[in-house]
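[1] Structure, please.
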Amino acid sequence: MRVLLVEDHLQLADSVAQALKGLGLTVDVLHDGVAADLALGSEDYAVAVLDVGLPRMDGFEVLARLRGRGKTVPVLMLTARSDVKDRVHGLNLGADDYLAKP
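    Prediction:
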């Protein structure tokens, strides 16, 4: 199973990627929204784990563009933005789940 992990904090991205790889998953790691948008438009992923606070294009915009292209890949928003309005916004854009970082 191929997973796209998009996280701009390098240490956190590495930790999450290693945990996913430990489960036998193939993980592509990107650190900005533009790169994520390009990858999601051209590659096939089983799931995407997407931060909101990304450089160059935020995760909400990446998600909106993904869904606007008709892509149905499951998306987990994994972000420090824990306000209810942010959660609702992410889910309304088409996220399959929204998890706030501790």
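[2] Leaving out sequence neighbours, find the closest residue to Asp86.
    Val52 (7.0 Å; C-beta to C-beta, 6 or more residues apart in numbering). For every residue, glycine as well, the C-beta is placed using N, CA and C.
[3] Pretty sure the one you found sits against Arg87.
    No. Counting by C-beta atoms under 8 Å, Val52 stays clear of Arg87, with 10.3 Å between them.
[4] burial of Leu30, as a residue count?
    22 (other C-beta atoms under 10 Å).
[5] Mind checking which of Val52 and Arg87 has more residues around it?
    Set side by side, Val52 and Arg87 show more neighbours around Val52, with 22 against 18, by other C-beta under 10 Å.
[6] Give me the distance between that one and His89.
    Distance of Val52 to His89, computed by C-beta to C-beta, to the nearest Å: 9 Å.
[7] By residue count, which helix of this protein is the longest?
    helix 10-22 (DSSP state H).
[8] for it, the distance to its chain's centre please.
    With C-alpha atoms, centre = their mean, to the nearest Å as the basis, helix 10-22 stands 13 Å off its chain's centre.
[9] Can you work out which other helices and strands pack against the very next helix or strand once past that helix?
    Sequence-wise, the next helix or strand downstream of helix 10-22 (DSSP states H and E) is strand 26-30. If contacts are counted by 3 or more C-beta pairs under 8 Å, 6 or more residues apart in numbering; DSSP states H and E, strand 26-30 sits against strand 2-6, helix 10-22, helix 33-42.
[10] at 10 Å instead, please
    strand 2-6, helix 10-22, helix 33-42, strand 47-50 (3 or more C-beta pairs under 10 Å, 6 or more residues apart in numbering; DSSP states H and E).
[11] didn't Val73 look like it was pressed against Val47?
    Yes. Using C-beta atoms under 10 Å, Val73 makes contact with Val47 at a distance of 6.6 Å.
[12] which neighbours do those two share?
    Contact criterion C-beta atoms under 10 Å, 6 or more residues apart in numbering; residues shared by Val73 and Val47: 4, 96.
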